[in-house]
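Student: need coordinates for the below:
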Amino acid sequence: MDVLRPLSRRLIGLCLVMFLPVMIFGATRERSLPDGVCGGPQTMLEASQTGSAMVQQAFARGMPWRDKTLNEYVNRLGQNLARSSGSQQAFSFYVLYNPAVNAQAFPGGYIVINSGVISLAESEAELASVLSHEIAHENSCDWRAAPRKGNLFELIFLVPTVVLGGPAGIVIASGGDWAATLARARNGRSGEQRADRLAAEYLVRAGYDPRAAAQFFRRLQAEQERDGGEPGGLLATHPRTIDRRKNLEKIIPNLPPPDFAQHDEAEFIRMRRAIREYDDMYSRLVGVRVPGNDAPSPELSRRPPSRATP
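Tutor: Predicted coordinates for the structure are as follows:
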């Protein structure tokens, strides 16, 4: 017994190190903190440091959109939506060039959106619906549930899978524990449904028609069907797109009518045109289809036939 006591103390200490942060993060919402505030100053500082590191790794693995005009437009739109949501979190918005329709919220108010979202959207309100969804994740502190063993900085190593592999990459990166993976997937679907509902509310507050969120899902569903469908099943981290659209269509009639604000659709159209022009060049270069476009045949340069020598 005397031999086992030091080992027992070590095991207890290890368990506290591994699981105490999860207990702390999980309890923060019970204190009725403001939206976007996920804990005390130290927790928020660690979240900001982690999120910043994750964004830098996303930039290292991806293609940051270098056009300052587009980045300023997305950041301005996102900041307006964040203010309308009532969040107490500071936000930063970034654009990656990636035709995949995806966006990701990182700890500390960092939101990275793929250019494919802008290319697929047909209005500023549809783009706003995607940004609002990610803001809702931040306001709900959903990132607290992501660390597998309570270490916030473990999130940094998930960035390549999340950014390059899409939302399902989180589950892929989590390991082979089927029971834990299934629990995380269920929590993920629940969080997505809540974020969809909050995003619709944020759109109303910002003066957008919340039906734009359902319209974007309808467009995304059509793209997924053209590409052979979307991953699903018990281990899917997101509900099916068609289910998310139908849930929104049930929620939207119960929302108060928005006070429609004046929005500059011309600016959105200019930004989208720039991306679609780049998409067209990218599609021709690599010979793949991008959202809303069919892959053209690669243009091959041919050497002119040489004249036959007499």
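
Student: and the next element down the chain from the helix or strand residue 84 falls within?
Tutor: Taking DSSP states H and E as the criterion, residue 84 maps to helix 68-85. Next along the chain after helix 68-85, taking DSSP H and E as the criterion, comes strand 92-96.

Student: who touches that next one?
Tutor: The contact list for strand 92-96 (Cβ atoms under 8 Å, 6 or more residues apart in numbering) reads 55, 58-59, 62-65, 70-71, 74-75, 77-79, 109-115, 118, 131, 163. Any C-beta I mention is one placed from the backbone N, CA and C, and that applies to glycine too.

Student: backbone phi and psi for residue 33, please?
Tutor: phi -70, psi 160 (degrees, to the nearest 10).

Student: picking up where we left off before, what average pLDDT does the helix holding residue 84 get?
Tutor: For helix 68-85, mean pLDDT rounds to 96.

Student: in it, what's buried?
Tutor: 70-71, 73-75, 77-82, 84-85 (16 or more other Cβ atoms under 10 Å).

Student: with stretch 90-109 instead?
Tutor: So, applying 16+ other Cβ under 10 Å, buried residues of stretch 90-109: 91-99, 101-109.

Student: could you list the low-pLDDT ranges of the stretch 101-250 of the chain?
Tutor: Applying pLDDT under 70 to the stretch 101-250 of the chain picks out residues 146-189, 229-238.

Student: show me where the chain has helices.
Tutor: With DSSP state H applied, the chain shows helices at 4-27, 41-61, 68-85, 115-120, 124-139, 159-165, 169-173, 178-205, 211-226, 241-251, 265-286, listed in chain order.

Student: distance to residue 257 added to those, as TSV?
Tutor: TSV is the format used below for the helices of the chain (distance: least, Cβ to Cβ, whole Å):
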stretch	distance to residue 257
helix 4-27	37
helix 41-61	35
helix 68-85	15
helix 115-120	26
helix 124-139	14
helix 159-165	36
helix 169-173	36
helix 178-205	8
helix 211-226	11
helix 241-251	14
helix 265-286	20
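
Student: mean neighbour count, those helices: which tops it?
Tutor: With neighbours taken as mean count of other Cβ atoms under 10 Å, those reach their highest mean count in helix 124-139, at a mean of 26.

Student: and residue 34, which of the helices of the chain is closest to it?
Tutor: helix 124-139 (8.9 Å; Cβ to Cβ).

Student: export that closest one to CSV, keeping only CA atoms.
Tutor: Written as CSV, here are the backbone C-alpha positions of helix 124-139 (Å, rounded to 0.1, in the frame of the first residue of the first chain):
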residue,chain,number,x,y,z
GLU,A,124,-24.9,40.5,-48.9
ALA,A,125,-27.6,39.1,-46.6
GLU,A,126,-26.6,35.5,-47.5
LEU,A,127,-22.9,36.3,-46.8
ALA,A,128,-24.0,38.0,-43.5
SER,A,129,-25.9,34.8,-42.5
VAL,A,130,-22.6,32.8,-42.6
LEU,A,131,-20.7,35.4,-40.7
SER,A,132,-23.6,35.6,-38.1
HIS,A,133,-23.4,31.8,-37.7
GLU,A,134,-19.7,32.0,-36.8
ILE,A,135,-20.3,34.9,-34.5
ALA,A,136,-23.0,32.8,-32.7
HIS,A,137,-20.4,30.1,-32.1
GLU,A,138,-18.1,32.7,-30.4
ASN,A,139,-21.0,34.2,-28.4
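
Student: who does that helix touch, helix- and strand-wise?
Tutor: helix 68-85, strand 103-106, strand 110-114, helix 115-120, helix 178-205, helix 211-226, helix 265-286 (3 or more Cβ pairs under 8 Å, 6 or more residues apart in numbering; DSSP states H and E).

Student: quick one: closest of those to residue 249.
Tutor: Per Cβ to Cβ, nearest to residue 249 of the helices and strands packed on helix 124-139: helix 211-226, 5.4 Å.

Student: and the angle from the closest one to helix 124-139?
Tutor: 90 degrees (axes from the mean of the first three to the mean of the last three Cα atoms, to 10 degrees).
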